[in-house]
Structures are given as C-alpha cells and as structure tokens.
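>>> Sequence first, then the predicted structure, then my questions.
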Amino acid sequence: MTSKTVEDDKYVWLEDVEAEKCLDFAKSSNDKCLQALGDPKDGPTYDRVLSVLESEDRIPHVSSYGRDEAGERILFNFWRDKANPKGIWRKTTASEYKKEDPKWEVVLDVDKLAEKDGISWVWKGASALARKRDPMSDNGRVVTRVLMNLSRGGSDATHLKEFDLLSGEFVPEGEAFILPEAKTRASFKSRDVLLVGSDFGPESLTDSGYPRTVREWARGTALEDAPTVFEGEKTDVAVNGYIADERSFGGSLWQIHSRSITFYTSKYYMAKLTEDHLLPQSERPEGLPELEFKELDIQEDAEIDYVGNMLFISLRSDWTPKEGGKTYKTGSIIYCDWETFLSEGKGGTDYKVLFEPTDRTAYEYMTCTKDYMIVSTMNNVKSKLHFYKIGDGGNSLTLVSEDSDPKIRDCSVRPIDAIESNEFWFTLSSYTQPSTLFLADAGKVEEPVESAEDKFIVTKLKQLPEQYDSSGLVVEQRMATSKDGTEIPYFIVMKEGVELNGKNPTLLYGYGGFEISLGPHYVATSGLAWLERGGVYVEANIRGGGEFGPSWHQAALKANRNKAYEDFIAVGEHLIESKICKPKTLAIRGGSNGGLLMGNMYIMRPDLFGAVHCAVPLLDMKRFNQLLAGASWMAEYGNPDTSDWEDFLYKYSPYHNIDESVESYPPMLVTTSTRDDRVHPAHARKMVKKLWDLGEGKDWPIYYYENIEGGHGGAADAKQSAFMTSLAYDFMFATLTKNAEAMD
C-alpha cells in the first residue's frame, strides 16, 4: 500500500489553470459531454430554471442605508433578471417597498460597467461606512460611502472600489480607496482610514492565499506607505482587523485584530479606542496614547461575539475558565462583562449561560435589534427562536419570549436598523413552501396576545409565488442507523402515497463538513427539475455538518472522516430498505466538500448508486493543500505532508483509490469552473482524465463539463446557472428513468 500512496502524478499538468493545453482539455471535454448528454438548453428543464432565476416575482431582499432628508428609510437591493444578467444595485424607500410593484432608482448597473471596462464583472457585495463614524452622514442619518467588491468571472479574488452614495459615482482616483484583484479583507475604520489586508507583495499572504498582515491606510496616502498594525504567521489561514462599535448598545469602541490559525482556531487581540484614534495618524492630537492591544484569554477553538458591554464566547470544546470552577460544555454559548474579562482575566470574571446544548440541540446564530437579542437554535434540525431583552445599558439579558415548539422550516431574522429600531425582516420557507417576507417587531413579543406563535409579525410584505407544482407533496423526517449505531436524520420530500416499488427516481443530497448544516429551505430548481417530474428528494444530515453543534462536526474530522461517508451510505441503504428506490434509481449529488463526498461514494460503493453528480469537488487529497485555498482546510481533513497521509488521508482520496478491477462504475457527471479560485479545477480535471484513461474499454461512463466562468458557485450569471443546473438534473433524471424502465 505504501508504494501506491506515493505514486507519481502524471496528470499534474492539468493544474495549470489557464494554460492553453488545459483549456483545450476543458473545451474538448465540454464538447464530448454535450454530444453524449445533449445540450441542456434543448432539454425539458433549462427554460423553466432560467425563468425562475430571472423571475420578476422573486423577493427583492433589502438592506437599510439610513434615511433620506424627508425621514424615509432608504433600502438597497441587488437584482439580476433577464434584462440585467450581471445585475443592478438599486434603491427605494420603505413606503415604496411596501407596494406590490415598487419604483426603484438604479445606483449601479454592473452590465454597463462590465461593457465599459471590458471585464466580465460579477457583483460580490458592498460594505458600508458606519454612519456613527462618518462626519458627512448628517449626524448618523445616512450612509454615504461603501467599499464595493467586484470579481472577474466570479472568482473569490475581487477588485475593491470606493463608491459615493451621495453622488452616485465611484470616488475619483487619487481620492478613492482602490485595490487591484486579491482576496482582500478591508473595512472602514473611519471615513478616511481603512483597515486592510491584501496582496501587498512578497510575504504578505499566508500559505492559504489570504492576507497575513493588516495595514492602516489613510486616504490620500500611498498604500505602500501605510503602516502595518498587525501581522500573523505564514502558516495561519488569514488575519483580519476591524472595528466593533458598541456605543449604540451602551458599550465602547474597540479595534479587534484576529489570527485565524486554522479553520477552527483563532487568537483575538483588542484595544479600546477614543474618537481621536479614528483619525488618520497625521491628524491625531499630540500625546494621544498608543493603542494597547490585549490578547483575549480564551481557548483557541472558541469564537466570540459582542453586544454592548457583553462578550459572548462560543465553545467548540469543554472549558473551565476558573481553576476548580464550573466546566462549560462543548457547544455552549456563555457571556460575561467585556471589560472585566480583559482587565481581570478569565479567572476573575463571572459567566452566564445563554445556551447549553443537549445531544440533539444546537446554537445557530444571534442578532440584535435596538432593545432585543434574537437567538436561533435547532432541535433535531428543527428551528426555534428565543427573544431576550437587552437591559442595564447593554449589561444584561432577560428571556422574554420563545417559540413553544421547534418547527420544520427555515427562518431568517435580519434587523432593519439596530441603531434606532426593533423592527426586523423575518423570512420563512420550507421544502415545499415558497419564501415569505414579513415586517416584524421584536417589541411585540412582550405584548399580551392570545396566540404566542410568531406574534412579533407586523405584516406580510412579499411572497414568492409557487415556482413548481407542490400539490400532494409531503415532507417527513426519518432516521437511518449508521455503521457505529448513531442515528442519522434525513428529510424526504415525495408525493403522498408514493408507490413503494423501488422505481421512484430518488435524489440524495449531502455535504457533511465544515460545521455547515442542511435543513428545510425552498429550492425552486430542485422542485421543478426533480419533484414536479415525480422524483423523490432527500437531504442527509450526516456527521461533519453542524446540525447538532460542534460535537457533530468534530465526530467526522480528519481520521474520523469515514463517519460522514458511513452515515451517507446508511441513508442510501435506508431508502432502499424502505422500498423508495433501488440502487439503479438512486442518484446522489454534492458540491465542494460535498463533491469529495460524491467522489468517495463513487469509489467506495459503486453498487449503491445509479448516477452521481460531483460538483466543484476536492478529489486529490495528496495535493489539496498546495492548490489555491487548500492549506486552510487542513484542520478539517489533515495534512498530507505528514503521517496523516499514510494513516488516514489516503483512504478517502478518490483520485488515489480508483479500482482498475471494477468492471462497472455508475454514470457520473463532474462539473467545475475554470475561474474557481477556492477549490482548484484540477481536482475535477485530473480525476476525469485518470478515469478516462484507466476505464478505457470498461463500463465507466464519465462526463465532464467545465464552465469557463463562474467561481466556486459554478456560474457567473443566471443563464450559466440554468445551464449547469439543468445539465445535472436532466442527466440524473434521464439515467434513473432509463434504469427504472429496464426493471420492467
């Protein structure tokens, strides 16, 4: 085995992303794929998927950017449709937004900008200058500046451009903050100062390709002259610097520096600021004390949050902060006085518990309105909301309301303006119920009403019409038993009274990594491309995900990765035992880390599945840490340059475990993007080329399509997304349908 694990890689040439011979390989593979499977644009789903992606009926979700001179709230939205494939950034007022057909004012047209610049720009968002730290905001009334991120073809690396919302134009060169393409992390410290990490030249990036240093860049000065205020190690994943302005909640103004040592471990350093510290260094008063940063004395695998004077600590492992004191268990959220913790240390601070998990509950997130904290938790992968009153000038929390029971639904809570309001956007959806957007008010939870369910809702604002025929569909949560006896939940969506004859085209989706949870959510493309055609759709909540907190994730790390794969296999076998499907009518799909899952299912259990869609995958686990952002994932998978390779990594590297003696592998479609600068397209290229070479003359049907644009999402606009989506679904459905017909 040892000699096999260190075999020469004769396909390494495919790692040269844009080399002519590599692009020729991609283009010829694309031609072969479409010749074999047909052009999806001529198939049964493309037009419908595209119409959904470009539909005018989609909910235009918005963010508040303050108020106009008349006192009306200003709401911004990014929107793509048929007329604007790259999208427009636009704004309206709150009163206009409540109308069925609001009037919008276009702030930036990305299609026109792309045409003007001759670059296929993809919108990657904008970060605003905080109103409280902007002297031009009219006493905090309105946001005036943003840092806009645009990428070439959808890559993670972006161009940073400063935009003036008052003039509606990019800030002129010479005055503006502008950065070339890089995996930049930048935020406003104040109007004229940025905290920025980017590619500043040699030694400025980590091994993972992210910023290693933070500079304080003053407007009107050369970036190369900006002083370095923080730096990490080359082996870190990334460093960051940002401002925590808690003054609206009764707290202080802080500057925080962080080192992401691995994907799951960090160190934090904090300093308390005055208003004068927000000024460019050349304008600060003489004698102003230098900032004194203190390291936060918490476990490296803990995460932090903050509200007012309260510091929240999210635990990924058990923690006993006081010698001989209480131990807080993994998955707990505890909090304490921020300044006391910094001055007295972990042993001199009193702690309170916001959330303590059980075996089947997990914390999701917290967010705040002006006077309330809203906490979302999961109970057996079902959603539950809890409302806390923020009191004592940002020093205390009191539970005032919570859902009576967890629900099978996806709910999103986004404060409208936490500085001045208790209102929030509340979005609901489920596997079969389209998204509905409500205006909600956290203050209503304290009002005496007969029904306690969702009493915070003020009014329904928008609802996505049904995008596919969901009549007669039922959603169930079922359990499979994994190899080691662990119960693995999964959701199944199917027609009520489905015939248990093993012939139902069944699609099983999984991810199982990075503490990412799967749960009920409305996906119109899956509905119309699979469910509406009579298929059964399944999502597996396997270990490695976050459905039951950090412990569920950690159960499948590194040497225990096999647990995620055993869980997925168990769900597949349970579907077959339940007579929902048979191996020939069971398709599987996953992307990124889920693509690694697909690769391993293909190699480990070719007998269990009838079709595989492996998207933007990791597959070569020997070289993953040397390709793009791969080094940042060693905390998840292990380090192939150490004994980890021989000990366990080799076992789940699909690229190294192709079995030449297997006469028949299931049909597999592998898709990726040339512009993916997170997971290198070589993973897919090399796997496919190796399978083609080794499988010559065998029943190993492999199809490969590499989108030339698209980034890690696989597509740069709606047409590309519809193409890739319909290609995959049509391939899987046609394959399973043919197999089902052969059973007669």
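Perfect, thanks for sending it.
>>> what about the residue nearest in space to the middle of the chain, which helix or strand?
In the chain, the residue lying closest to the centroid (C-alpha atoms, centre = their mean) is Ile516, at 8.1 Å. Using DSSP states H and E, no element contains Ile516; it sits outside every helix and strand.
>>> Between the two ends of stretch 434-449, what distance do you get?
This stretch, stretch 434-449, spans 27 Å end to end (C-alpha to C-alpha, to the nearest Å).
>>> Same question for stretch 397-408.
Rule used - C-alpha to C-alpha; the end-to-end distance of stretch 397-408 is 28 Å.
>>> Show residues contacting it.
Under the criterion C-beta atoms under 8 Å, 6 or more residues apart in numbering, residues 310, 335, 352, 354, 372-373, 378-380, 382-391, 430, 445-446, 452-453, 455-456, 475, 477, 491, 520 lie in contact with stretch 397-408. Using the backbone N, CA and C atoms, a C-beta is placed for each residue, glycine as well.
>>> Would you quantify the distance from the residue nearest to the centre of the chain to Glu547?
Per C-beta to C-beta, to the nearest Å, Ile516 is found 9 Å from Glu547.
>>> Kindly report the same for Arg685.
According to C-beta to C-beta, Arg685 stands 33 Å off from Glu547.
>>> tell me which residues in the helix or strand containing Ala440 are buried?
For Ala440, the host element (DSSP H and E) is strand 436-441. Going by neighbour count (16 or more other C-beta atoms under 10 Å), the buried part of strand 436-441 is 436-441.
>>> Of the residues you listed, just say which sits nearest to Thr45.
Checking the buried residues of strand 436-441 against Thr45 with C-beta to C-beta, the nearest one is Thr436 at 25.3 Å.
>>> Can you find the helix or strand of the chain with the lowest average pLDDT?
helix 2-5 (a mean of 44; mean pLDDT, DSSP states H and E).
>>> where along the stretch 401-550 of the chain do the strands fall?
410-415, 423-429, 436-441, 457-463, 473-481, 487-495, 506-509, 536-540 (DSSP state E, counting those that start in this stretch).
>>> Need those in JSON lines (columns: mean pLDDT and distance to Ile580).
JSON lines is the format used below for these (pLDDT from 0 to 100; distance: least, C-beta to C-beta, whole Å):
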{"stretch": "strand 410-415", "mean pLDDT": "95", "distance to Ile580": "24"}
{"stretch": "strand 423-429", "mean pLDDT": "97", "distance to Ile580": "24"}
{"stretch": "strand 436-441", "mean pLDDT": "97", "distance to Ile580": "30"}
{"stretch": "strand 457-463", "mean pLDDT": "96", "distance to Ile580": "31"}
{"stretch": "strand 473-481", "mean pLDDT": "97", "distance to Ile580": "10"}
{"stretch": "strand 487-495", "mean pLDDT": "97", "distance to Ile580": "7"}
{"stretch": "strand 506-509", "mean pLDDT": "98", "distance to Ile580": "6"}
{"stretch": "strand 536-540", "mean pLDDT": "98", "distance to Ile580": "6"}
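>>> out of the contacts of stretch 397-408, which are buried?
So, by 16+ other C-beta under 10 Å, the buried ones in the contacts of stretch 397-408 are 310, 335, 354, 372-373, 378-380, 382-390, 430, 445, 455-456, 475, 491, 520.
>>> In strands, which of the residues you listed fall?
Here DSSP state E is the test, and the buried ones among the contacts of stretch 397-408 give 310, 335, 354, 372-373, 378-379, 382-390, 475, 491 as lying in strands.
>>> In the longest helix along the chain, which residues are buried?
Secondary structure of the chain per DSSP state H: the longest helix is helix 718-742. Going by neighbour count (16+ other C-beta under 10 Å), the buried part of helix 718-742 is 718-737, 739-740.
>>> Is it correct that Asn625 falls within a strand?
No - Asn625 is assigned helix when assessed by DSSP: H, G, I helix; E, B strand; the rest coil, not a strand.
>>> coming back round to it: let me have the strands of the stretch 401-550 of the chain in a markdown table, adding distance to Cys368 as columns.
Shown next, in a markdown table, are the strands of the stretch 401-550 of the chain (distance: least, C-beta to C-beta, whole Å):
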| stretch | distance to Cys368 |
| --- | --- |
| strand 410-415 | 6 |
| strand 423-429 | 9 |
| strand 436-441 | 14 |
| strand 457-463 | 18 |
| strand 473-481 | 31 |
| strand 487-495 | 30 |
| strand 506-509 | 33 |
| strand 536-540 | 30 |
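>>> among the ones you listed, which is nearest Leu150?
strand 410-415 (23.7 Å).
>>> For that closest one, buried residues please.
Neighbour-count burial for strand 410-415, counted by 16+ other C-beta under 10 Å, picks out 410-415.
>>> between it and strand 423-429, how big is the angle?
If you take axes from the mean of the first three to the mean of the last three C-alpha atoms, to 10 degrees, strand 410-415 sits at 170 degrees to strand 423-429.
>>> Name the surrounding residues that touch strand 410-415.
Counting by C-beta under 8 Å, 6+ apart, residues outside strand 410-415 touching it are 367-369, 374, 376, 383, 385, 421, 423-430, 440, 519-522.
>>> Listing partners with orientation, what would you give for that strand?
Strand 410-415 pairs in its sheet with strand 423-429 (antiparallel), by DSSP bridges.
>>> between the strand it pairs with and strand 436-441, how many degrees?
150 degrees.
>>> re the thing from before, neighbour count winner among Arg685 and Glu547?
Arg685 (26 against 23; other C-beta atoms under 10 Å).
>>> distance of that one from Gly590?
18 Å.
>>> where exactly do the strands run in the stretch 1-150 of the chain?
Going by DSSP E, counting those that start in this stretch, the stretch 1-150 of the chain shows strands at 63-67, 73-79, 88-93, 105-109, 121-128, 145-152.
>>> For Asp484, find the nearest of those strands.
Short answer: strand 121-128, nearest of those by C-beta to C-beta, at 41.5 Å.
>>> what packs against that closest one?
helix 110-117, strand 145-152, strand 185-190 (3 or more C-beta pairs under 8 Å, 6 or more residues apart in numbering; DSSP states H and E).
>>> Out of these, which is closest to Leu37?
Nearest to Leu37, of those and by C-beta to C-beta, is strand 145-152 at 28.9 Å.
>>> Strand 145-152 and the helix or strand following the closest one, what's the angle between them?
Remark: after strand 145-152, the chain's next helix or strand is strand 158-164, criterion DSSP H and E. Interaxial angle, strand 158-164 versus strand 145-152 (the same axes, to 10 degrees): 150 degrees.
>>> Output strand 158-164 as CSV, restricted to C-alpha atoms.
Output of strand 158-164 as CSV, limited to C-alpha atoms (Å, rounded to 0.1, in the frame of the first residue of the first chain):
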residue,chain,number,x,y,z
THR,A,158,-12.0,40.8,-6.0
HIS,A,159,-11.2,44.4,-7.1
LEU,A,160,-12.1,46.9,-4.4
LYS,A,161,-13.6,50.2,-5.5
GLU,A,162,-14.9,53.0,-3.2
PHE,A,163,-18.4,54.3,-4.2
ASP,A,164,-20.0,57.6,-3.1
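>>> now Pro606, nearest residue through space, not along the chain?
Nearest non-adjacent residue to Pro606, counting by C-beta to C-beta, 6 or more residues apart in numbering: Tyr665, 4.8 Å away.
>>> returning to what we had before: may I see the buried residues of strand 410-415 arranged in JSON lines, with distance to Ser260 as well?
Shown next, in JSON lines, are the buried residues of strand 410-415 (distance: C-beta to C-beta, whole Å):
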{"residue": "Asp410", "distance to Ser260": "28"}
{"residue": "Cys411", "distance to Ser260": "29"}
{"residue": "Ser412", "distance to Ser260": "26"}
{"residue": "Val413", "distance to Ser260": "26"}
{"residue": "Arg414", "distance to Ser260": "25"}
{"residue": "Pro415", "distance to Ser260": "26"}
